[in-house]
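Enquirer: here are the coordinates; sequence isn't available:
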């Protein structure tokens, strides 16, 4: 006779976590890989074989954590602004660079170096420590965790800095923009990052180009950055972070399209930032010459970073992709460009290619798409970052 006893959800989740965690531990032990921890020298990445079990643990652990919180605390966890303040502080003053790897430094010395009172430094960093960013091994001393140590990478630090310094102020203007331009698809008439606008009507423009309100202007983001080179370089550096995560690695681009079949071809990498993708393409495929187009402040000094072995095959030029394309080429390549824009804006960008299109010319798009919202596991429906849930599209 079947039992009608229902296992409480918290016990079910605990069992799921225990089973999957044991599977992870078995794989790591077999491969001689250290167990996950917050230690400064702990592994930052793990083998692909544990990705499924890892997702199970993270999803169940997140649900268990949330289900045990009262409503007010749960809302506070998702809505507290103190975390962003800490991250902005750490990235702006490059605290990760001040704390020596494998060593420690006092709150007092950090304050002295960044010219701020010790008590401010202590209060902010102790809050950061609740997020596992730095730790206090002995009273008054600061040392790295693996997360804070990762911020010694200037690309990751600039990503955090851009998010807290550029996107966060714009995020608080999102509802103002929605109310002011509810049906707009103009890049200058939205407020912030696309993830904040998921679920709006298709007419709305879910794009980082819309932080005009936060900047007191009617110009879209790239026009604003074009007027302030320092901000443009910060944004370009921040975008490089997506080359660090394995699921965003450029190898997916190199291995999953037959670039060799193009023969001797001229490729225009539109919106190609500082050319990190163009460089990898040129290194792998000697048959390609590449022109990287982006706004002037981004490409201005990028040529000097080109490796000697591909000099002469990668060039840069300033270009507004809404304006008619003037460079004749065999391939026009967009990588992670169109998903940031409304349908109307995408139409304008593609129509701008018409003057140079002729039989045989290719337009290659590499972008991401999500599966049905209901098919995404709970945790990933929040972060939308699992490589299993994002699919490369060519």
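Expert: That came through fine. Please read all numbers here as calculations on a predicted model, not as lab measurements.

Enquirer: strands of the stretch 101-250 of the chain, residue ranges please.
Expert: Chain-ordered strands for the stretch 101-250 of the chain, with DSSP state E, counting those that start in this stretch as the definition, fall at 104-106, 141-143.

Enquirer: same list (those strands) but as JSON lines, adding mean pLDDT and distance to residue 177.
Expert: The way it works is simple: take the backbone N, C-alpha and C, and place the C-beta from them, glycine included. What follows is the strands of the stretch 101-250 of the chain, written out as JSON lines (pLDDT from 0 to 100; distance: least, CB to CB, whole Å):
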{"stretch": "strand 104-106", "mean pLDDT": "98", "distance to residue 177": "42"}
{"stretch": "strand 141-143", "mean pLDDT": "98", "distance to residue 177": "39"}
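
Enquirer: return the most buried member of these.
Expert: For the strands of the stretch 101-250 of the chain, ranked by mean neighbour count under the definition mean count of other CB atoms under 10 Å, the leader is strand 141-143 at a mean of 21.

Enquirer: buried residues in stretch 265-284?
Expert: Burial within stretch 265-284, assessed by neighbour count using 16 or more other CB atoms under 10 Å, is assigned to 265-282, 284.

Enquirer: pLDDT below threshold where in the protein?
Expert: For the chain, the stretches flagged by pLDDT under 70 are 1-4, 78-79, 184-210, 370-394.

Enquirer: contacting residues around the most centrally placed residue in it?
Expert: Centroid-nearest residue in the chain, with CA atoms, centre = their mean: residue 242, separated by 5.5 Å. For residue 242, the contact set (CB atoms under 8 Å, 6 or more residues apart in numbering) comprises 248, 336.

Enquirer: look up how far residue 41 lies from it.
Expert: Applying CB to CB, to the nearest Å, the value for residue 242 to residue 41 is 25 Å.

Enquirer: which strand or helix spans residue 22?
Expert: helix 9-30 (DSSP states H and E).

Enquirer: so who does the closest residue to residue 17 other than its chain neighbours touch?
Expert: With sequence-adjacent residues excluded and distances taken as CB to CB, 6 or more residues apart in numbering, residue 17 is closest to residue 60, at 5.0 Å. Residue 60 makes contacts with 13, 16-17, 20, as judged by CB under 8 Å, 6+ apart.

Enquirer: what are the buried residues along stretch 125-143?
Expert: 125, 127-129, 133-135, 141-143.

Enquirer: domains of the protein?
Expert: 9-74, 80-152, 155-240, 250-393 (automatic domain parsing).

Enquirer: buried deepest among those domains, which one?
Expert: Mean neighbour counts were compared across those using mean count of other CB under 10 Å; the top stretch is domain 155-240, at a mean of 19.

Enquirer: can you measure across stretch 38-54, start residue to end residue?
Expert: 16 Å (CA to CA, to the nearest Å).

Enquirer: gap between it and the chain center?
Expert: Between the centre of stretch 38-54 and the centre of its chain there are 19 Å (CA atoms, centre = their mean, to the nearest Å).

Enquirer: over to stretch 31-43?
Expert: Per CA atoms, centre = their mean, the centroid offset for stretch 31-43 relative to its chain is 24 Å.

Enquirer: swap in stretch 66-79?
Expert: Offset of stretch 66-79 from its chain centre (CA atoms, centre = their mean): 25 Å.

Enquirer: next: stretch 280-288.
Expert: 25 Å.

Enquirer: show residues contacting that stretch.
Expert: 250, 253-254, 259-260, 262-267, 269, 289-290, 307, 309-310, 313-314.

Enquirer: okay, and which of these map to strands?
Expert: Taking DSSP state E, the ones among the contacts of stretch 280-288 that sit in strands are 265-267, 269, 289-290, 314.

Enquirer: from the residues you listed, pick the one nearest residue 341.
Expert: Using CB to CB, residue 269 comes nearest to residue 341 of these, at 17.0 Å.
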